[in-house]
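Engineer: Sequence and predicted structure below; questions after.
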Amino acid sequence: MSAPMRQITRSCQTFLVFCKKSQNLVISKRFNESKRYYASIPVFSISLRDVRTHTTLYGTVNNFLKSEPTPTTARLTVSRNYCSLTRICWSCRSPVAANDQKAVYFCEKCDSILPPEDKATHFERMECEPSFDVNIPRLTQKYRELQRQLHPDRFTIRREREQYYSLQQSSATNKAYNTLLKPLSRGLYMLELKGMSIEEDDKTVDKEFLFEIMELNEEIAETHSSKELSRLHEENTGRLEKLLVELSRAFSKDDYAKAKVILTRMRYYVNIEDKIKEMLMPSFPGTANDV
């Protein structure tokens, strides 16, 4: 090794830097080639994800820094709750590129199926915008595409670990699709993402509304005519459609408090719809977009 190279090596420092623009944590080597010039080379990238269990980040960073001749660690300014190491493929040990917009199912290098990302949202799994106004045909198309790729039947002759991961991925995809497919479950899930929920004894429901629901249930219980039940179903469908318009508007304005009130009412009307359908079965046809 030449003398200039030895000088550069001795003055090499390692920094952990957070880039706000790319939302990445980057470990970089900085070479002090002169008093006025620094050459910075990224050697390890860590994407920011909402993951709470990756203590691997700290072990990996510390091990890397300890291996350097003269490490200098910059202050980590990002909360531990919001940091994660870019995933490593369990099969070939290659880094798996993180994607903030969608879930990653396969290793790009060896094509092995990966375990589900625990913190991926249903919207990310189905690669759709986190909005209440979901494009249902596109959602269904994506679901069928993923099921063709992830279904356990495709992995019957693969390794046992891949069979297990395919079962997990397929199950997670089913759950995401079924949650986003129906407006009520989709809306409740969007509340859940904001840390909100609707309790059984929710106090936001006024007594007048509860009295209306009680009267509807009594009317349904006393009705034995299919024609009359169909009329009640049409009226209930009208109420739900009106609430859907209001709910879409509330979510578009990020008014989650109002969305919660609307969803609470919707849940009562959905229960009424289910009750009417059960009484009219098996002759009653299902709707294409059940609430």
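Structural biologist: Received the coordinates, thanks.

Engineer: in which helix or strand would I find the nearest residue to residue 267 once chain neighbours are set aside?
Structural biologist: Closest residue to residue 267 apart from its sequence neighbours, by Cβ to Cβ, 6 or more residues apart in numbering: residue 184 at 6.4 Å. Bear in mind the C-beta positions are built from the backbone N, C-alpha and C, glycine included. Here residue 184 sits within helix 183-193, counting by DSSP states H and E.

Engineer: and that helix, what does it pack onto?
Structural biologist: On a contact count with 3 or more Cβ pairs under 8 Å, 6 or more residues apart in numbering; DSSP states H and E, helix 183-193 meets helix 160-181, helix 226-252, helix 256-280.

Engineer: on that earlier part again, please tell me I have it right and the residue nearest to residue 267 contacts residue 291.
Structural biologist: Yes. Contact criterion Cβ atoms under 8 Å: residue 184 and residue 291 qualify, at 5.3 Å.

Engineer: which of the two has more neighbours?
Structural biologist: Higher neighbour count among residue 184 and residue 291: residue 291, with 21 against 18, using other Cβ atoms under 10 Å.

Engineer: any idea of the pLDDT on the more buried one?
Structural biologist: Looking at residue 291, its pLDDT reads 71.

Engineer: dump the residue contacts of it.
Structural biologist: For residue 291, the contacting residues are 182, 183, 184, 240, 244, 266, 269, 270, 273, by Cβ atoms under 8 Å, 6 or more residues apart in numbering.

Engineer: what's the neighbour count on the fifth one?
Structural biologist: Neighbouring residues of residue 244 were enumerated by other Cβ under 10 Å; the total is 19.

Engineer: and the closest residue to it other than its chain neighbours, how many neighbours does it have?
Structural biologist: Excluding the flanking residues, the one nearest residue 244 by Cβ to Cβ, 6+ apart is residue 183, at 5.7 Å. By the measure other Cβ under 10 Å, the count of residues near residue 183 is 23.

Engineer: My guess is residue 183 contacts residue 247. True?
Structural biologist: Yes. Assessed by Cβ under 8 Å, residue 183 is found in contact with residue 247 at 7.1 Å.

Engineer: which neighbours do the two share?
Structural biologist: Counting by Cβ under 8 Å, 6+ apart, the common neighbours of residue 183 and residue 247 are 132, 266.

Engineer: Flag the helix or strand of the chain with the lowest per-element mean pLDDT.
Structural biologist: Sorting the helices and strands of the chain by mean pLDDT, DSSP states H and E puts helix 3-10 at the bottom, at a mean of 33.

Engineer: that older thread, got the contacts of residue 291 as CSV, with distance to residue 209 columns?
Structural biologist: Conversion of those to CSV gives the following (distance: Cβ to Cβ, whole Å):
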residue, distance to residue 209
182, 22
183, 19
184, 17
240, 14
244, 17
266, 12
269, 10
270, 14
273, 16
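
Engineer: where does this structure have low pLDDT?
Structural biologist: 1-86, 98-103, 200-204, 282-290 (pLDDT under 70).

Engineer: try 50
Structural biologist: Across the chain, the ranges flagged by pLDDT under 50 are 1-12, 20, 23, 29-58, 61, 64-65, 67-85, 287-289.
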